Structure formats: structure tokens, C-alpha cells
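Asks: Prediction below, plus the sequence it came from.
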Amino acid sequence: MDAFAQLLDRLVLASARNAKLALMRDYFSVTRDPDRGLALAALTGDLSFSSVKPAMLRTLITERMDPVLFAYSYDYVGDLAETVSLAWQQREGSRPNDRDISLADAVERLSSASRSDGPRVLEDLLDRMEAPARFAIIKLVTGGLRVGVSTGLAKQALAEMGGVHVHEIEELWHGLTPPYGELFAWLEGTGEKPVSAARAMFRPVMLSTATDLAELANVDPSEYSAEWKWDGIRVQAVSESGTRRLYSRTGDDISGTFPDVLEAMDFDAALDGELLVGTPPDHTGSFSDLQQRLNRKSVSDKQLKAFPAFVRCYDLLQEADEDLRPLPFVERRKRLEAFIGALGSPRFDLSPLVPFGNWEELEGLRTAPPHPVIEGVMLKRHDSRYLPGRPRGPWFKWKRDPHTVDAVLMYAQRGHGKRSSFYSDYTFGVWTGDAGQPELVPVGKAYFGFTDEELKQIDKFVRDNTIDRYGPVRAVRAEPGHGLVIEVAFEGLARSTRHKSGVAMRFPRVSRLRWDKPPHEADRLETLQAMLD
Amino acid sequence: MGDFFVDPVRPVDRALITHGHADHARSGHAHVMATDDTLAIMALRYGEDFAGATQTAVLGERMEIGGVGVTFHPAGHVLGSAQIAVEQAGTRIVVSGDYKRQADPTCLPFEPIACDIFITEATFGLPVFRHPPAEEEVARLLKSVRQFPERAHLVGAYALGKAQRMIRLLRDAGYEEPIYIHGALAKLCDFYQQKGIDLGPLEPATVDRANKEGFAGAIVVGPPSAFADRWARRFPDPVSAFASGWMRIRQRAKQRGVELPLIVSDHSDWDELTATIHETGAGEVWVTHGREEALVRWCEIEGIKARPLHLVGYEDEGD
Ligand SMILES: [Zn+2]
Ligand SMILES: [Zn+2]
């Protein structure tokens, strides 16, 4: 249990992807079955008990601790699980520092406990552990580790541990269950590769590389097809022998969030497409509309009605028993058109091809797309097979140029890892209110887009112009006559009730530093409001 | 009692100093009494003329100041640290100064002194503070060094006491490589070495070295304040560690951008504070220097008379 608890503590504080990968890789290599598999399940959210409510934790601790001392402690720490784990008084006679309790033991005891003796089982476990392990257990039983590890990252760590490609793991993933004994045996070279028993498995997605006119000048346009790049989320809809699944492009199962799409998957095939909301072909909703449907565990009828989801299809990967991925794009496209035509479902439509003669003509179309939910064009070579990952050449994305706005730097926060001695995360704002007495309202945060040299310059500006400090954050001078103007580039703008400004930027980044520009010439909030789609 | 002050924050005529941390030992007093190590540390930090006159207190030896008996006893906090027992008319008051009960290879262990009134520090006076054995924390540091051989490990540790204890603990754990130190640590590390505390090979963490060999796989010790500073830029992609009792609280580590919190403290944790109060047998406890209210509450529950003693000017340099 200690090793698992230590892993969690380190993952939470490691900000770099590589550091997280190294920590997981090491843990999986040195930890035995079934503990490592259970840890993997805990990290990917496939292991939780949610059997203990916060009120129960309070009861347990105040049974053994003065409530006033508990209140002082909770007030200081601010997090219930952490306070309980730290202030827990082991009962006399209980065996403290019982290192023999493995994660598997703990899981076994908790999952076999009945509802009524759950609290006693937990109490007994907490008595046998030290603070970090107590914290891990409490997090597990109250649901939610939140250590900043995605399922994709955990799979990447497994791939590196076993020296295999992550696509191999993604293909197998949905046929495996905790504690993943056969997966680890294969990765360690002591067992055969597990045979994917899963129906409706995920196929690793093919991605494109970014391009521009300069690069395309050396590419023959007659070898490529173009289609619009829709601004939704890339999905894979797979239905096989009655099993239906909707996957994100990293292979996360998002079926539960889109029952309306799942219901319409009355076919035997695997489709690649863009998830959007609206009622095709007449209406395609904006990305803000789509956000109403994302990251929800359950969907209300109201949301289903107001924001119906559908898939705009790009590709056909499997039809009945036939794997179409080795076929050239033009072949798959023909099959896709026939398939969608025959399906006749309002939840699945076709992403149309965009005919063009040369790159200049396509450039014209790209800069003036027929619909606001288009973020550029995709180029696919006629002979391209469907390959996992991001091979360079067969597929390009040629995105619409980003929007830019001139904003004023308001706050800067110290970075992590390599950047821990630099102020590298910036909050910027635009002007609002009366023109004679304007005020800045924050509209976003950016932490990349600048060179190392520019980082040094901004860092110096922050240190020289600090007016207030809050922990790692500094407020800097930002007045009409004095401050730093940043040209911020972003992909889109959505309405937001969570931000005071009422707008939220997608993918904001620093595009240029405008040392030359006085802050009062930066943009006003009205400019952003006019850009809302 | 008596015509003197213990650890005064403003210049006075006669000061008794428990230990060399800046919040306890200030310069500019007319007369200073302290252990010889503390006097030497004050001279190192403030210059030879840090006080008008000095007098060495020998641990365990009773002295008279204006009809009041004064005895210094080891406090286990840092090299030279002492508690001060003051006696008059049959009443003994012990001022703990900063103290801890965990073993520390760089200083004498704390001795519990029976007394009527115990004035205790309470830096970590909340039941959430329980420091694990320092050896375990050092083992975690060494594990991380093995896990990330391509990165430098920057260990934030206060210049007096913590830094030398961390280095000594690393040596005890079998780490024999040179340890790189920030310039602010050099004089104090030299002093510890002169006092017979072997810190092994220490080298300055210079920019020159950063440019030539680099610091991959190295352990670098420096004052925590330096890590947010331009100084830290010579280390590419470092693992920032911080050795402090505050690192028990995850949010504290997060706020400071610490990637590897090491819970190593030179102060008593909650269990040490409460056990020590019992051991002194004091009928009355005055609580100061930290989180007074919880310890006062605990004393009430235990039937010990207690009150908070709010002092200004202490900002724990050496937690
Ligand atoms: Zn102190
Ligand atoms: Zn101190």
C-alpha cells in the first residue's frame, strides 16, 4: 500500500509528462500482481468504491479525537480526506505501521464489506496504515484520486514498460479487466500477447500533420482529396454483434455521455468521424453548444432535446467482417458514401469532399468556409491506407488562421519543472467599462507560444513591475499608460458563465509581445463579444 | 524574573539566546549569553562585533544572574541549541526555545527538564503534524535520484541546521558522491565540519560547472528562497525538493511548486510536543511560537493549566 500511496503523491506534484511516465513505469515494473493491476485500475478510474460519504469520515474521526482539535486541524488543512489521514489517531492495541497490508488486501476487504460494516472495515484499515496510505484509501473510498493522469498516459507508461507500441495496448484495452494479469505478463515477456476478446474494440486513430502553403507548393494537388475539418470532437463509433461503443480519439469509452448516438448505431461497422450537435444537414451547432454535452456522467432529457448529438463521418474502418483499413482512401470513401446512404440515419451524415483545382483555389475556400464550425481543411492522399498514429505525408490539416487580440498582462504565475524559476503562466485581460476610466477584465491564460528569450524578458518585466503577491502568483502593473501588451492567438471563443468576462478562449497562446504598444491601445471586451459564434 | 530577556527581538542590555536562527538570535544586544556554538554561529552570521560582550553558557552548569539561577540544557534543534531553565524561590521555569525529539546526528539530543512552568514552542502544534522518521524521507530522495538520473535534485533546506542535517543523513544512507551547495551554506557547513560533524565532499554549485559537466544526477542543497530565484536557472529541468515539516500538507507543496516534498523538521511534531509536556511534569504550560490554540486546548483536556503567549517577531527561519 505504501508504494501505491507514494506513487499517487508523486504523480500529483509532477507536472511534466515525462516525469509522470517514469514514475508509473517504475511502479509497474517493481510492483507485483495483483497490486500493480489494481493501481492501474485506480489510476484509470476503473476502481472506486464511493461507499463512504464525507459525513461518515467526520463521524469516524471525531469518535476518536476531540472535535475542537479536529476543527482546528480541518480549518488549517482545508481538505477533509487529508485532514483525516493526517490527524488519525491509531487505537491502542492496533498494529501501527502494518506494512503487510497490500493494495489487494485493502481492496478485497473493502469490496467484500457489507454496507453496514463498511465504516468499521475502513476504520480497521486506517488503524493499520501510515498517513500517505490512509490518504490513498480515503481517496479511493470517497471516489476520485485526481492525480492528473489520463487513461492515455497510463497506457503510454505500460507501452514503455513493455517496449511495445501504445496502439497495441489501445487495441487490447477494452477486452481486459483488472487486475490485468495477462497484460503485465505479456509486457514483461513472461506470457503471450492477450487475444482481444472484446467486441466493438477501439481501433487506433489516424491523425494528420499541420501544413501550410509553403509546404504544399511541393505537393501535387491532383493526388489529394480535400474535406472540411469540423470543430467538434473526433470519435469512433463501433458496433459489432450487438455491442455498441463510442470512443474518443484516445480510446476512452464515452458511450455513456451520448445515449442518443448509441441508440442510432444500428449497424455492424466501425466509423471514424466528428461528433457535433445539431440536426444535419440544416443545422450544425457551435462548439459552445457541443460543450453542453461534454464531460457529463449523465444527460438530462432537456439537454438531449436542446443539443442532439450526431456524427459527421470521415471514414469507414470496418464493415461486417471486413477490415477496410488496408484499402486506399478513395476505396474506403466510396464504401463510406454507400454505407451512409444506405443507413439513412439523422445521427450519421457524411462529411462532404471539397472539390478544388489547385492550392490557391483551396486557400480561397479555406479562408472563407461556408460554415462557422469549420476550422480548416483536411487533405488526404488518394492512396493512403488507414494507419495508426500521425504518419507524415498521407494526411494534412490546413487550419484556418487563428484569431488574435491585443491583451494586457495582469498576473503571472511561476511555472513548474524547467520553468520553476520563471514567471511563465500569464493571465491577461482586455479593457471594459467607460472609455475615460477603463478597467481590465481577465479573459484568459496562456503559458506557451513564446521563445526562451522572450520568457526571460517577460520574467524580468514581471519581477520589475510586481504590485502584489499571492503565493506563486504576482500581480503586475497594468494601467492604461504602463504595462505589457501581449498579442494572444486563439482558436475560437465561447460564451462562459464561469468567467467574469462572459467569454472563454479555446487554445489561447502568446503570439507576439507588443513592447511597442501602449496598454490603452489594447482591445476592448466588445471586440471579443463581436467574435462570439 | 531577573534582569534579562530570552531571545529578544529588539536590542536589550542582557540577552539569553537559545540558538542561532535569525528569529531568535539578533545582533545589537549589549550582553549576550549563549552556548559556545551559538556564539560562534552568531559571529559567523553577524560578524565578530554582533554584541557588546558575550558570555559562554556551559550546558548543565548553573549560573546566577541577579539572584536568579540560570541553566542551559540541550534542545536537539540545531548545533548549539539550548533550552533555558530559570529558577527563583523554588520555582523553575523552562523556556524550550525551538526543540525536537527525533534523533539528529548534527546536535546533542533534547533533555527533558522537570519544571513548574514549561514555556513550549508550538510551530507544528496541530494534530495533523506528525513527522515520519527523517531516514525514510532521505530514502525517498535517493530513490528519486535513481529514478531521474538525468535531472538534478534541488533540496531546499534552511542554511543553519537543516542543510547540514540533510547532508549528514545522506551520508549515513551511504551516499558518497559530492554534494553541491549554494554559496549561502558554505560558512556554516565549514563550521559544522570543524566541530567534527563529517559532511563528506561538498562542492559549490557554480555556473561554471553547469556549463561544463552539468548537474545531471546531482544533489544540490540550497536555501529554499534561492529556488524561485535566478540562481536556480543553472540547473536544467530540476526536481525541486524541500525539506521541511510544512511539507506534510500537500497544498503547501503544491503552492511552492515542490515536486518532491521531504517531511524533515527540526521542530517537534504534535506527538513530541504532547509527550514532552508530560515528561517535564509541568503544572502549567505557556505556549508560544506557532499554533498556540490547539496545544492549549490539549492541555485543558489533560487537566494542565495552559495559556497562549503571543510573541511578535518570530517567523520561524528554521522549520
Ligand atoms: Zn524559531
Ligand atoms: Zn530555530
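Replies: Good, I have the coordinates. Ligands and ions are numbered 1, 2, ... in the order given.
Asks: and the closest residue to chain A within the stretch 1-150 of chain B, helix, strand or coil?
Replies: Among all residues of the stretch 1-150 of chain B, B:V128 sits closest to chain A, at 3.9 Å; criterion: CB to the nearest CB. C-beta coordinates here come from the backbone N, C-alpha and C atoms, glycine included. For B:V128, the secondary structure call by DSSP: H, G, I helix; E, B strand; the rest coil comes out as coil.
Asks: How about the contacts made by the closest residue to it other than its chain neighbours?
Replies: Closest residue in space to B:V128, ignoring its immediate chain neighbours: A:L86 at 3.9 Å, by CB to CB, 6 or more residues apart in numbering or on different chains. By CB atoms under 8 Å, 6 or more residues apart in numbering or on different chains, the contact list for A:L86 reads A:S73, A:V77, A:A131, A:F135, B:P127, B:V128, B:F129, B:R130, B:R248, B:I249.
Asks: Also B:A51?
Replies: B:A15, B:S27, B:G28, B:H29, B:A30, B:H31, B:V32, B:M42 are the contacts of B:A51 under CB under 8 Å, 6+ apart.
Asks: how many neighbours does the third one have?
Replies: If you count neighbours by other CB atoms under 10 Å in any protein chain shown, B:G28 ends up with 15.
Asks: Find the nearest non-adjacent residue to it, please.
Replies: B:P11 (4.0 Å).
Asks: element containing A:K445, please.
Replies: strand A:439-446 (DSSP states H and E).
Asks: That strand: what's the following helix or strand?
Replies: Heading C-terminal from strand A:439-446, the first helix or strand you meet, by DSSP H and E, is helix A:452-464.
Asks: so does that following helix get close to chain B?
Replies: No: using CB under 8 Å from any CB of the partner chain, helix A:452-464 stays clear of chain B, coming no nearer than 8.7 Å.
Asks: Provide the contact partners of the following helix or strand past that helix at residue level.
Replies: Per DSSP H and E, the first helix or strand lying C-terminal to helix A:452-464 is strand A:466-470. Strand A:466-470 has contacts (CB under 8 Å, 6+ apart) with A:R474, A:A475, A:V476, A:R477.
Asks: quick revisit: and the two most separated of the contacts of B:A51?
Replies: Distances among the contacts of B:A51 were taken as CB to CB; the most separated pair is B:A30 and B:M42, at 14.2 Å.
Asks: thinking again about what came up before, how close does the residue nearest to B:G28 sit to B:H21?
Replies: Per CB to CB, to the nearest Å, B:P11 is found 17 Å from B:H21.
Asks: okay, these two: which has more neighbours?
Replies: Comparing B:P11 with B:H21 by other CB under 10 Å, the one with more neighbours is B:H21, at 28 against 13.
Asks: Quick one: classify the more buried one as helix, strand or coil.
Replies: Classified using three-state DSSP, B:H21 is coil.
Asks: Go ahead and confirm it touches B:L160.
Replies: Yes: with contact defined as CB atoms under 8 Å, B:H21 counts as touching B:L160 (6.1 Å).
Asks: how many other residues sit next to the closest residue to ligand 2 within the stretch 101-250 of chain B?
Replies: Ligand 2 sits closest to B:G161 of the stretch 101-250 of chain B, with a gap of 7.2 Å, by CB to the ion. Residues within reach of B:G161, counting by other CB under 10 Å, total 27.
Asks: same question, the one 4 residues further on
Replies: One way to gauge burial is a neighbour count; for B:R165, by other CB under 10 Å, it gives 26.
Asks: so which strand or helix has it?
Replies: helix B:162-172.
Asks: which residues does the most centrally placed residue in chain A contact?
Replies: By CA atoms, centre = their mean, the mean C-alpha position of chain A lies nearest to A:S150, the distance being 7.1 Å. Contacts for A:S150 (CB under 8 Å, 6+ apart) come out as A:T250.
Asks: cool, A:V195 as well?
Replies: A:V195 touches A:G175, counting by CB under 8 Å, 6+ apart.
Asks: ok, it to A:E170 distance?
Replies: 15 Å.
Asks: any idea how far A:L294 is from A:K445?
Replies: Taken as CB to CB, the span from A:K445 to A:L294 is 20 Å.
Asks: To clarify, my last question referred to A:V354.
Replies: 27 Å.
Asks: Between those two, tell me which one has more neighbours.
Replies: Neighbours were counted for A:V354 and for A:L294 using other CB under 10 Å; A:V354 has more, 19 against 15.
Asks: what does the model give the more buried one for pLDDT?
Replies: Looking at A:V354, its pLDDT is 95.
Asks: Establish whether the helix or strand harbouring B:S144 and chain A are in contact.
Replies: Element membership for B:S144 (DSSP H and E) is helix B:134-147. Yes: counting by CB under 8 Å from any CB, chain A is contacted by helix B:134-147 at B:R140, B:S144, B:Q147.
Asks: separation between whichever residue of chain A sits closest to ligand 2 and chain B?
Replies: Residue of chain A nearest ligand 2, by CB to the ion: A:Y76 (20.8 Å). With distances taken as CB to the nearest CB, to the nearest Å, A:Y76 is found 6 Å from chain B.
Asks: In chain A, what residue comes closest to ligand 1?
Replies: A:Y76 (18.8 Å).
Asks: what about that residue, neighbour count?
Replies: Neighbours of A:Y76 (other CB under 10 Å): 16.
Asks: sec struct for it, please.
Replies: helix.
Asks: Which parts of chain B are helices?
Replies: All helices of chain B, identified by DSSP state H, fall at B:36-46, B:134-147, B:162-172, B:186-194, B:207-212, B:250-255, B:270-280, B:292-302.
Asks: what's the average pLDDT for the fifth one?
Replies: It refers to helix B:207-212. pLDDT averaged over helix B:207-212 gives 85.
Asks: what does stretch B:278-295 give?
Replies: 93.
Asks: List the buried residues for it?
Replies: B:T280, B:A282, B:V285, B:W286, B:V287, B:T288, B:H289, B:G290, B:R291, B:E292, B:A294, B:L295 (16 or more other CB atoms under 10 Å in any protein chain shown).
Asks: end-to-end on that stretch?
Replies: 12 Å (CA to CA, to the nearest Å).
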